[in-house]
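Asks: just the structure for this:
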Amino acid sequence: MTAEYKVHGDVAVITLTNPPVNGLGLSTRIGITEGLEKANNDTTVKAIVITGGGKAFSGGADIREFGSPKAIQEPNLLSVIRACENSAKPVVAAIHSVAMGGGLELALGCHYRIAAPGTSIALPEVKLGLIPGAGGTQRLPRVIGVEPALNMIVSGEAIKSEMLAMLPGQKLFDAMAQSAESLPEEALGLARKVAAAHADGSPLPLVRNLPCKHPQGDAYFQFTRNMVKGMAKNLPAPVKCVDAVEAATKKKFEDGMLVERDIFMNLMLTPESRALRHIFMADRAASKIPDVPADTPKRDIQSIAVIGAGTMGGGISMNFLNAGIPVKILEMKQDALDRGVATIRKNYEAQVKKGKLKQEKYDERMALLSTTLSYDDIGQADLVIEAVFEEMGVKEAVFKKLDEVMKPGAILASNTSTLDVNKIASFTKRPQDVIGMHFFSPANVMKLLEVVRGAQTGKDVLATVMAIGKKIRKTSVVSGVCDGFIGNRMIEQYSRQAGFLIEEGCTPAQVDKAVEKFGFAMGPFRMGDLAGNDIGWAIRKRRYTEKPDLKYSKTADLLCEMGRYGQKTGAGWYDYQAGKRDAIPSPVVVEMIEKHRAALGITARKISDEEIVQRLVFSLVNEAAHILEEGIASKASDIDMVYITGYGFPFWRGGPMNYADTVGLFNVAEAMKRFAKNPHDDAQFWQPAPLLARLVAEGKTFN
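Replies: The predicted structure follows:
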């Protein structure tokens, strides 16, 4: 049982004991209802307190039971709340630390509530593509008012208990405790006080009986609905939150509850909610590595050294400064150091100006930063990350030097985006200490960290780097060693398809628009211009010698030969005006593509948006299936996390693998067979990967 029952004099206390956040799983729900029954049958008990053990009152539904029969098995949460309301003895919720989702709904079903200051209060279901499903949309407006409640429900954001206690006329909290420590005693005091007040048999207060109205009813809800539609155009749940709260103001409580339940059940079946729930679980699963147990000992990381003060080095350093970890940046020349530090200052000053960073925080962070021109000064760092030029000879020189100067037990990390981490490790006498930490640009903003595990990387090193990734608030995903790791290996196939599409009849703008309409943050050609087309050019030149049979469109090389590297040169696939980032279609580029097409003897054809999207997205899926088959990624959901957090894949589609599952793997494989028949494409690439073919044959999915 994950709920504990104890009697303190004349008050029974039910404590939820389901760590880490006292999720309301089946055994916890049974524990609460059995405790309520026991207390009501005990003549010496006058009142009941429900509270949470450890670090939370309750964080809501138990995510371990998501989608399983246990999640809806009786007593479900609605039944537990009804048992609280029907208790003949007053039930007091003693809330602390965290009361979210079902945890807050449970508290709203109690007769009285007392909260510790600093408690995070939220109904975050909208973040999973849902609305609250146990009365949250019907009860919260009754205790804090329609507008504050709707803002909380639509945003899903947490608000501190003391802020809510200040709302005029609020009935959410009957009392605020002095502190979390004094909450248990103060809750017992409140329970005894209300028991005495109702000793005459007067009815106990129920949130459901409170009035719920908005003075401008229809006009307010219509305005809110329009605003929410504009802000969340690809997500059905936010608008449905408005519908549910409106029902609270216009219908009897039980009828409003039916509206809420109906919306909740329908949203559960939407692809968007499935995608968001998939991401929620995938995010948690990414940190679990099959052969590295959670209790693997970790190395102590108190200081960091970063080699290179360029864009990447500076961005990487900011992550650690933000987390309060001292950083020393090493460069070869003083002016390069000065430029790097100036950029870090400028980034922080911009945040101070916008009010996103307090001046003292800025001063604290800059005080943690030091610089040097000598390798001898970084030898004592616990972790060193190199962010030097992406060329094996340069990496070799750096790692040989690190092997000489770094103390034993220091972790040596490379920020390489494509190079062989095993080869890099071989430049040292301590390959077990070498790992890839591939940050994405801009490194201080992008959420993704690809953690590249070499053949000899120590398990303790891997566990340490995953933990440090969490500390600097990154989504860390483990990749094995291969060319381009997970993300860049897949994006190469996507870029190849984009090249074939323009040879066959598309313009860069048409391809970008189709993919952006699908939901990508940016199409492949705008992305190339932003990153720099010369980067892809360098990779292709390497490919022409390493993989001579791999087919590419020559258009990207022709573009680079014209010196059109993208935004940095004011011209790429598009034209750019000085100081602006607007992509203006270029007649020069269209002319170059048409000439090249004529030279190949290709007659341009009209290509649908559907074909553009399928060829680009399914190329990611097929390459990812090879990556899974080879064990480079340990699970499909890791690949989804890479694409959602690092490559602008539409989050409401749940990543490429989840999207393929949604479309149906049979349909994905059929489309691939069609593309293989196209004489201008790469027929060999479009053979469904063995894993994909196997899943289709067995009627299974990636996730």
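
Asks: distance of residue 313 from residue 539?
Replies: 21 Å (CB to CB, to the nearest Å). (C-beta placed from N, C-alpha, C; glycine too.)

Asks: comparing these two, which residue is more hemmed in?
Replies: A direct count of neighbours by other CB atoms under 10 Å for residue 313 and residue 539 places residue 313 higher, at 28 against 17.

Asks: C-terminal to the helix or strand in which the more buried one is found, what's the next element?
Replies: If you go by DSSP states H and E, residue 313 is part of helix 311-322. The first helix or strand that comes after helix 311-322 along the chain, using DSSP H and E, is strand 327-330.

Asks: quick check: which helices or strands does that next one pack against?
Replies: Other elements packing on strand 327-330 under the criterion 3 or more CB pairs under 8 Å, 6 or more residues apart in numbering; DSSP states H and E are strand 304-307, helix 311-322, helix 334-353, strand 369-372.

Asks: and the host helix or strand of residue 497, average pLDDT?
Replies: In the assignment (DSSP H and E), residue 497 maps to helix 487-504. Mean pLDDT, helix 487-504: 95.

Asks: still on that earlier bit, tell me the most buried of the helices and strands packed on strand 327-330?
Replies: strand 304-307 (a mean of 28; mean count of other CB atoms under 10 Å).

Asks: give me the contact list for that strand.
Replies: 313, 316-317, 320, 325-330, 378, 381-388, 398 (CB atoms under 8 Å, 6 or more residues apart in numbering).

Asks: could you redo the last one with a cut-off of 6 Å?
Replies: Outside strand 304-307, the residues that touch it by CB atoms under 6 Å, 6 or more residues apart in numbering are 313, 316-317, 320, 325, 327-330, 378, 381, 383-386, 388.

Asks: what do you get for stretch 23-31?
Replies: 1-3, 16, 18, 61-62, 65, 70, 73, 75, 77, 80, 102.

Asks: and for stretch 522-534?
Replies: 495, 498, 508, 511-512, 515-516, 559-560, 565-567, 572-574, 583, 648.

Asks: out of the contacts of strand 304-307, which two sit at the greatest distance?
Replies: Farthest pair in the contacts of strand 304-307 (CB to CB) is 325 and 388. Separation: 21.1 Å.

Asks: residue contacts, residue 512?
Replies: Contacts of residue 512 by CB under 6 Å, 6+ apart are 523, 525, 526.

Asks: leaving out the residues flanking it, which one is nearest to the first one?
Replies: The spatial neighbour of residue 523 that comes closest, neighbours along the chain excluded (CB to CB, 6 or more residues apart in numbering), is residue 512 at 2.6 Å.

Asks: and residue 300, how far from residue 382?
Replies: 6 Å.

Asks: can you check residue 195 too?
Replies: 57 Å.

Asks: my guess is residue 387 contacts residue 313, does it?
Replies: Yes. Checked against CB atoms under 6 Å, the pair residue 387 and residue 313 is within contact range at 4.0 Å.

Asks: domain map for the chain?
Replies: 3-268, 304-479, 487-698 (automatic domain parsing).

Asks: which residues of the stretch 1-150 of the chain fall in strands?
Replies: 3-8, 11-16, 47-52, 91-95, 98-100, 112-115, 120-122 (DSSP state E, counting those that start in this stretch).

Asks: pLDDT below threshold where in the stretch 451-600 of the chain?
Replies: For the stretch 451-600 of the chain, no stretch has pLDDT under 70.

Asks: could you pull out the helices for it?
Replies: 459-471, 487-504, 508-518, 524-531, 533-546, 555-561, 587-600 (DSSP state H, counting those that start in this stretch).

Asks: residue 625 is nearest to which of those?
Replies: Among the helices of the stretch 451-600 of the chain, helix 487-504 sits nearest to residue 625 (CB to CB), with 10.3 Å.

Asks: that closest one to helix 533-546, inter-axis angle?
Replies: 90 degrees (axes from the mean of the first three to the mean of the last three CA atoms, to 10 degrees).

Asks: who's in contact with helix 487-504?
Replies: 417-418, 511, 524, 553, 555-556, 593, 597, 615-616, 619-620, 623-624, 642, 646, 680-681.

Asks: how about the CA coordinates for it, as CSV?
Replies: Provided in CSV are the C-alpha atoms of helix 487-504 (Å, rounded to 0.1, in the frame of the first residue of the first chain):
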residue,chain,number,x,y,z
GLY,A,487,21.1,13.6,-35.8
ASN,A,488,23.6,14.5,-38.5
ARG,A,489,23.6,11.0,-40.0
MET,A,490,19.8,11.3,-40.6
ILE,A,491,19.9,14.9,-41.7
GLU,A,492,22.3,13.9,-44.6
GLN,A,493,19.6,11.7,-46.1
TYR,A,494,17.0,14.5,-45.7
SER,A,495,19.3,17.0,-47.4
ARG,A,496,20.0,14.6,-50.3
GLN,A,497,16.3,14.2,-50.9
ALA,A,498,15.9,18.0,-50.8
GLY,A,499,18.6,18.2,-53.6
PHE,A,500,16.8,15.6,-55.7
LEU,A,501,13.5,17.4,-55.3
ILE,A,502,14.9,20.7,-56.8
GLU,A,503,16.5,18.7,-59.7
GLU,A,504,13.1,17.2,-60.5
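
Asks: now the farthest one out in this protein, which residue is it?
Replies: Of all residues in the chain, residue 200 has its C-alpha farthest from the mean position, at 52.9 Å, by CA atoms, centre = their mean.

Asks: list the contacts of that residue.
Replies: Taking CB under 6 Å, 6+ apart as the test, residue 200 contacts no residue whatsoever.
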